[in-house]
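S.K.: Provided below are the primary sequence and the corresponding predicted coordinates.
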Amino acid sequence: MAVHRRQIVMRGWIPALFVLLFILSVPLLSFSSELIHTIQIGSYPDEYSAERQYNSVLDMLTEEEREYLRIEKIGIFYTLRLGNFSSYGEAEDLFHTVKSKYSKAMIMSAYFKDERVVKMYVSGAARETAPDEKMVDPQNVKSTGSELVHTIQIGSYPDEMSAERKYDSVLGMLAEDEREYLRIEKIGLFYTLRLGNFSSYREAEDLFHTVKSKYSKAMIMSAYFKDERVVKMYSTAADIETVSDEIAVIEEPSITPEEERGDLQNVKSTGSELVHTIQIGSYPDEMSAERKY
């Protein structure tokens with residue numbers, strides 16, 4: 001009887017084992033990705049930490065070594081990787097350069113997926129990609145309501161107040177004609193401080209050297225300029241705050257006919273009271289009013 005039960009159990013496991021072997025034998029390359037050799041420098045719990053390490057690695061590499069330096073969002077982590085090599089041997093020279101400073105760096109085989117790339121350095125310019133931005137011809141990008149420009153990125157901050165403070169600091173060091181397009185952009189969870197809207201890398205260089213002398217992590221990059229990401233922007237001689245579809249124009253409150261005539265009886269009947277008060281100023285956002293308060 002016991003032998004018979006064992007035979008039944010074994011007959012049940014054999015088909016299941018074949019199914020498992022079949023699943024494991026399906027090639028991973030059937031997914032839309034590319035298996036490459038790359039150098040992994042580190043993984044970080046937040047984009048801000050990965051961004052800092054990215055800038056540090058960028059500074060130690062030559063222009064030709066920076067190719068495919070990138071931040072990938074893998075699961076909940078931001079992973080910093082470098083290079084796109086066809087073999088382990090091809091990656092070794094650059095690996096030894098990186099390993100001398102970053103002891104945990106390693107060469108690994110990994111899948112390169114465009115949709116995971118948050119930021120990548122390609123051919124002299126760091127390109128930033130958001131989930132709805134692909135590395136495509138700028139002509140096509142413009143048709144979707146965004147524009148690929150060269151700009152100076154000064155820093156990214158985890159909260160708006162930190163970005164505001166840095167914005168004020170940069171504003172103070174620049175001449176009036178250098179402040180054009182100084183702005184805070186909300187990109188993902190971070191508030192990014194950027195300056196300028198240039199048609200080429202070379203056009204940005206003079207102002208970049210001015211900024212770089214005080215802010216060592218500043219860099220020129222190609223990035224998408226999207227109106228909807230702009231939280232605050234300095235344009236011409238006015239500090240303009242833009243929120244979603246609101247235009248930063250301050251209008252005086254409308255005055256009712258009763259207020260115009262000073263008919264207090266009718267004004268009070270609407271649940272308001274006409275008084276004399278001292279107005280110090282009007283501001284486009286609560287934070288500006290709070291600071292003045």
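M.R.: Nice, I can see it. Numbering: from 1, shown residues only.
S.K.: surely Glu47 touches Ser156?
M.R.: Yes - with contact defined as Cβ atoms under 8 Å, Glu47 reaches Ser156; the gap is 7.4 Å. C-beta here means a position set from N, CA and C on the backbone, and glycine is covered the same way.
S.K.: mind listing the shared neighbours of the two?
M.R.: The contact sets of Glu47 and Ser156 overlap at Phe190 (Cβ atoms under 8 Å, 6 or more residues apart in numbering).
S.K.: can you give me the helices in the stretch 1-150 of the chain?
M.R.: 2-25, 47-60, 88-99, 138-143 (DSSP state H, counting those that start in this stretch).
S.K.: which one of these has the poorest average confidence?
M.R.: Here the lowest mean pLDDT among these goes to helix 138-143, at a mean of 36.
S.K.: where does the stretch 101-250 of the chain dip in pLDDT?
M.R.: Where the stretch 101-250 of the chain drops to pLDDT under 70, the residues are 122-146, 235-250.
S.K.: and Tyr215, which of the three is it?
M.R.: Recorded secondary structure, Tyr215: coil (DSSP: H, G, I helix; E, B strand; the rest coil).
S.K.: and it, what does it touch?
M.R.: Tyr215 sits next to 154-155, 170 when contact means Cβ under 8 Å, 6+ apart.
S.K.: and Ile36, how close does it get to Arg52?
M.R.: 25 Å (Cβ to Cβ, to the nearest Å).
S.K.: scratch that, Gly89
M.R.: From Gly89 to Arg52 the distance is 31 Å (Cβ to Cβ).
S.K.: quick one, which of these two is more surrounded?
M.R.: Arg52 (15 against 10; other Cβ atoms under 10 Å).
S.K.: tell me the contacts of Tyr102?
M.R.: Counted by Cβ under 8 Å, 6+ apart, Tyr102 has contacts 41-42, 57.
S.K.: want to throw the residues you listed into JSON lines with distance to Lys226 and neighbour count?
M.R.: Formatted as JSON lines, the contacts of Tyr102 follow (distance: Cβ to Cβ, whole Å; neighbours: other Cβ atoms under 10 Å):
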{"residue": "Ile41", "distance to Lys226": "29", "neighbour count": "23"}
{"residue": "Gly42", "distance to Lys226": "29", "neighbour count": "17"}
{"residue": "Val57", "distance to Lys226": "27", "neighbour count": "22"}
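S.K.: out of these, which is nearest to Arg194?
M.R.: Val57 (20.8 Å; Cβ to Cβ).
S.K.: settle this for me: Lys99 is touching Ile107, isn't it.
M.R.: No - in this structure Lys99 lies outside contact range of Ile107 using Cβ under 8 Å: 9.3 Å.
S.K.: give me the more crowded residue out of these two.
M.R.: It is Ile107, of Lys99 and Ile107, that has more neighbours when counted by other Cβ under 10 Å, with 21 against 16.
S.K.: for the more buried one, what are its contacts?
M.R.: Contacts of Ile107 by Cβ under 8 Å, 6+ apart are 37-40, 88, 91-92, 95.
S.K.: one more: Tyr121?
M.R.: 58, 66-70, 127.
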